[in-house]
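>>> need a structure here:
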Amino acid sequence: MLYDAALVLEGGAFRGQYTAGVVDAFLAHHIEFCSVIGVSAGSLCGANFVSKQYGRPAMINIHHRHDRDYISLTHLLHRKSIINLDYLFEDHGWQWRNFNDQAYRRSASHFTAVATRMTDAKAVTFTDPVGDELTQALKASSSMPIIAKPQRTSQGLCMDGGVADSIPYDIAQQQGFKKIVIVRTRDINYRKKATSRALAQLLHRYYPEYPTFVKATINRPTAYNQQVEEVNRLTKEKQFFTLAPQHPVKVSRIEGNTKKLVELYETGKQEINQVLPQMIKYLEK
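Got it, this is the predicted structure:
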């Protein structure tokens, strides 16, 4: 069933395993949305949801988490990023399920990836990108400050979309949708703590040419917490339907415990199945 609604997917790096479980449950129930909007890990899950590749994002993070070509602190010794996002878009043999570009292009859903432009710290969007533009948009949206490197895109040098727009419900509203389903990767009571002085200093050291971006990254907790309050308010007023983990998520951004990753993925599937009737009622009202 294709719903005239937008699906908004929050980021969260490896906490995106929760989102991967949710969208796989949607695929299992043949639920589609006219618009899919993702930021950071949410963009990666969103693209695979649009291409209808059940289990692919979860499989990559579970089975390839400890491949040093993908994630390794030793990359820093060679002045490389801890996370090698190029790894996600390469062919790793017969066991690797390549992205289904044809299915993505045929989909009735429109896909939007959100990134942050470094020169002005503004959110930029890539709607229905294909080929190399899709790869660059996903890499840009998912490039976390310090952990990954900035990416060249058609809209300039970009990084993590969460810096400018962590929960991009505003983009769904701009697209004209009245029904908006949001998938969070934090419980509704979670609030970000202020950026530490040490991290702020590190950001200044890493990105001296982009002071506006650095300022936005340092101020992200305030902007994020304001978005959360608005999401909670509009969900309570039944303007949004929000799915968030029922309990605090104990998975780090680059979690190394694959058992935790499996459990979070299964939690996402289980929790959406519990509220599926309510979500469908919201979408069909």
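
>>> What residue, apart from its backbone neighbours, is nearest residue 240 spatially?
Leaving aside its chain neighbours, residue 240 sits nearest to residue 234 (4.6 Å; criterion: C-beta to C-beta, 6 or more residues apart in numbering). Any C-beta I mention is one placed from the backbone N, CA and C, and that applies to glycine too.

>>> All the helices of the stretch 51-200 of the chain, residue numbers only.
56-63, 101-106, 131-142, 169-174, 197-206 (DSSP state H, counting those that start in this stretch).

>>> so where does the residue nearest to residue 240 fall, helix or strand?
Element membership for residue 234 (DSSP states H and E) is helix 220-236.

>>> May I have the very next helix or strand once past that helix as PDB, with CA atoms only?
Next along the chain after helix 220-236, taking DSSP H and E as the criterion, comes strand 240-243. Coordinates of each C-alpha in strand 240-243 appear next as PDB, following Å, rounded to 0.1, in the frame of the first residue of the first chain:
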ATOM      1  CA  PHE A 240       2.700  13.500  13.400                       C
ATOM      2  CA  PHE A 241       2.900   9.800  14.100                       C
ATOM      3  CA  THR A 242       6.200   9.200  15.800                       C
ATOM      4  CA  LEU A 243       7.900   5.900  16.600                       C
END
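
>>> low-confidence ranges in this structure?
73-81 (pLDDT under 70).

>>> How about residues contacting stretch 186-195?
Identification of contacts with stretch 186-195 by C-beta atoms under 8 Å, 6 or more residues apart in numbering yields 10, 12, 15, 217-222, 224-225, 228, 232, 242, 244-249.

>>> which among these end up buried?
10, 12, 15, 217-218, 220, 224-225, 228, 232, 242, 244-245, 249 (16 or more other C-beta atoms under 10 Å).

>>> Could you dump those into a markdown table with distance to residue 255 added?
Formatted as a markdown table, the buried ones among the contacts of stretch 186-195 follow (distance: C-beta to C-beta, whole Å):
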| residue | distance to residue 255 |
| --- | --- |
| 10 | 17 |
| 12 | 11 |
| 15 | 8 |
| 217 | 22 |
| 218 | 24 |
| 220 | 21 |
| 224 | 20 |
| 225 | 23 |
| 228 | 22 |
| 232 | 26 |
| 242 | 23 |
| 244 | 19 |
| 245 | 14 |
| 249 | 10 |
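
>>> centroid residue for the protein?
residue 42 (2.0 Å; C-alpha atoms, centre = their mean).

>>> how about the nearest residue to that residue, chain neighbours excluded?
Closest to residue 42 by C-beta to C-beta, 6+ apart is residue 9, at 3.0 Å.

>>> contacting residues around the one you found?
19, 23, 36, 37, 38, 39, 42, 43, 45, 46, 183.

>>> show me what contacts residue 260?
250, 251.

>>> repeat that for 7 Å
By C-beta atoms under 7 Å, 6 or more residues apart in numbering, residue 260 lies in contact with residue 251.

>>> Check residue 137 too.
Shown in contact with residue 137 (C-beta under 7 Å, 6+ apart): 113, 115, 126, 129, 153.
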